[in-house]
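*Asks:* let me see the structure of the following:
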Amino acid sequence: MAPKWDEGSSGYRHTVRRFGVEKDEPALAEKLKSACEKIWSLFHLTGFVRVDFRVRDGKPMILEINVNPCISPDAGFAAAAEAAGLSYDDLIEAIVKAAR
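*Replies:* Now for the predicted structure:
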C-alpha cells in the first residue's frame, strides 16, 4: 500500500484536503486559479481535471495534474465537487454529458 493511503503514515496525516480558500484567503485563491488556468491552456486540457497543490508560506506549488482523476465517492475530485455544491450523482451526470 502506498504510504499516502496508510492511515498511520506521516504522508497520510499531513495531506489535508482543504476547501474554502476563496473565502479564507482570496489572494491565495487567485494564485491557485491563475495557475490552473495556465495549466489548462498550456496542456490544451478538456473535460474534467484535478490539479493538486502544496502551499508553503503562501506560495502554491503544483504537485500533479490529474487528467483522469479518480471519481470514486471518497476521492478528492468528488470531495471538491461536493464542496462546490455539486452532489456526487450530479457530478457523474455532468461527466457523462461532457463525454457525449
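
*Asks:* C-terminal to the worst-scoring helix or strand of the chain on mean pLDDT, what's the next element?
*Replies:* Using mean pLDDT, DSSP states H and E, the weakest-scoring helix or strand in the chain turns out to be helix 10-13, at a mean of 76. Using DSSP states H and E, the helix or strand that follows helix 10-13 towards the C-terminus is helix 21-24.

*Asks:* show residues contacting the host helix or strand of Val96.
*Replies:* Taking DSSP H and E as the definition, Val96 sits inside helix 88-99. Residues from elsewhere that reach helix 88-99 (Cβ atoms under 8 Å, 6 or more residues apart in numbering): 47-48, 71, 73, 77-78, 81-82, 86. Every C-beta, even on glycine, is put in place using the N, C-alpha and C of the backbone.

*Asks:* for Ala84, give its distance to Arg18.
*Replies:* From Ala84 over to Arg18 the distance is 13 Å, taken as Cβ to Cβ, to the nearest Å.

*Asks:* check which helix or strand Pro60 maps to.
*Replies:* Pro60 is part of strand 59-66, with elements assigned from DSSP H and E.

*Asks:* got the buried residues for that strand?
*Replies:* By 16 or more other Cβ atoms under 10 Å, the buried positions in strand 59-66 come out as 60, 65.

*Asks:* which neighbouring elements make contact with that strand?
*Replies:* In terms of contacts (3 or more Cβ pairs under 8 Å, 6 or more residues apart in numbering; DSSP states H and E), strand 59-66 is packed against helix 26-42, strand 50-56.
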